[in-house]
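Q: What follows is a protein structure lacking sequence information:
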């Protein structure tokens, strides 16, 4: 599998990705490392959070140093987010992730990616989805979750959640599709969360990956450190936990980003 009419962003070949899934399109970007690196490439797949505020190209710039290490990077919007079709739900994101990995496995058969070096880098709610995926399949070698959402029921049932959805509907039109009727969306999400297939505290002892790293701010008010410790006590593999001092959920201050990037680079080298 090769991409025709090659496009480049600086030194890096880039291709738009469109994956048809249940008659809807998952859209993404795929970046390849510089020509000095030889196929098959190791790959990092990025799972975004909720709501996804950054464009795909901005995400690539944020983690572009991975290209310099020889990794390909695949970023995409789950269905219902930004440029992808459909509407959001927990189950649709799980289904989307499996479909994207199926696409990656096909490219690995064509010797574009190294099937033994497929990794996920996930942020916020993307971390929740990634943990579920890594309990289901053996394709993924390693997982990094940054500021993960772990106790989803707590957030969905909080009094602040309807206000967050209302804010998104009002000020971020088009960012997320399927939350127009807030009460209905919350009701459907609560029903999804009743499924045993979505209980992180049970699935985390079924992980099929070799390596896990959790990076979180010391003062994260969305996912408390105590929640992280509680969930990780059930994990079935060795893991690394890196706590960034004085940081909150969104690691956006320069020194926080520097520490975050150092942790990621150390993990992938």
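A: Structure's in. What do you need? All figures in this text were calculated on a predicted structure; none of them were measured in a lab.
Q: Assign a three-state SS to residue 44, would you?
A: Secondary structure assignment for residue 44 (DSSP: H, G, I helix; E, B strand; the rest coil): strand.
Q: Run through the bridge partners of it.
A: With beta bridges defined as DSSP bridges, residue 44 has these partners: residue 73, residue 119.
Q: That one contacts residue 75, correct?
A: No. With contacts defined as Cβ atoms under 8 Å, residue 44 does not count as touching residue 75, sitting 9.2 Å away. Every C-beta, even on glycine, is put in place using the N, C-alpha and C of the backbone.
Q: Buried ones in the stretch of helix or strand residue 186 belongs to, by neighbour count?
A: Taking DSSP states H and E as the criterion, residue 186 maps to helix 182-193. Across helix 182-193, burial judged by 16 or more other Cβ atoms under 10 Å covers 182, 185, 186, 189, 192.
Q: What of stretch 197-216?
A: Residues of stretch 197-216 classed as buried under the neighbour-count rule (16+ other Cβ under 10 Å) are 198, 200, 203, 204, 207, 209, 211, 212, 213, 214, 215, 216.
Q: Among those residues, which are located in helices?
A: When DSSP state H defines the helices, the subset of these inside them is 200, 203.
Q: how close does the residue nearest the centre of the chain sit to residue 9?
A: Centroid-nearest residue in the chain: residue 47, 1.5 Å away (criterion: Cα atoms, centre = their mean). In this structure, residue 47 and residue 9 are 22 Å apart, going by Cβ to Cβ, to the nearest Å.
Q: Then residue 21?
A: Taken as Cβ to Cβ, the spacing of residue 21 relative to residue 9 amounts to 26 Å.
Q: out of those two, which sits in the busier spot?
A: Set residue 21 next to residue 9 and count neighbours by other Cβ atoms under 10 Å: residue 21 wins out with 19 against 14.
Q: Determine the number of other residues adjacent to the spatially closest residue to that one that is not a sequence neighbour.
A: Of all residues not flanking residue 21 in the chain, residue 99 sits nearest, at 4.7 Å (Cβ to Cβ, 6 or more residues apart in numbering). Neighbours of residue 99 under the rule other Cβ under 10 Å: 17.
Q: The stretch 151-269 of the chain: strands as residue ranges?
A: 211-217, 239-244 (DSSP state E, counting those that start in this stretch).
Q: Rebuild those as TSV, extending it with distance to residue 138.
A: Conversion of these to TSV gives the following (distance: least, Cβ to Cβ, whole Å):
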stretch	distance to residue 138
strand 211-217	14
strand 239-244	18
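Q: Which of those sits closest to residue 144?
A: Judged by Cβ to Cβ, the one of the strands of the stretch 151-269 of the chain that comes nearest to residue 144 is strand 211-217, at 4.7 Å.
Q: Relative to the closest one, what are the paired strands and their orientations?
A: Taking DSSP bridges as the criterion, strand 211-217 pairs within the sheet with strand 142-146 (parallel), strand 239-244 (parallel).
Q: okay, those, which one's buried deepest?
A: Mean neighbours per residue, mean count of other Cβ atoms under 10 Å, is largest over those for strand 142-146, with a mean of 24.
Q: Check what contacts it and list those residues.
A: Outside of strand 142-146, the residues within contact range by Cβ atoms under 8 Å, 6 or more residues apart in numbering are 119-124, 126-127, 130-131, 134, 207, 209-216, 251, 260, 264, 267.
Q: Now stretch 87-98: buried residues?
A: For stretch 87-98, the neighbour count (16+ other Cβ under 10 Å) marks 88, 89, 90, 92, 93, 94, 95, 96, 97, 98 as buried.
Q: wait, which of these is closest to residue 239?
A: residue 97 (20.3 Å).
Q: How about the secondary structure of that closest one?
A: Secondary structure of residue 97, reduced to three states by three-state DSSP: helix.
Q: pLDDT value on it, please?
A: Reading off the per-residue confidence, residue 97 sits at a pLDDT of 98.
Q: Was I right to think it contacts residue 127?
A: No. Checked against Cβ under 8 Å, the pair residue 97 and residue 127 is beyond contact range at 11.9 Å.
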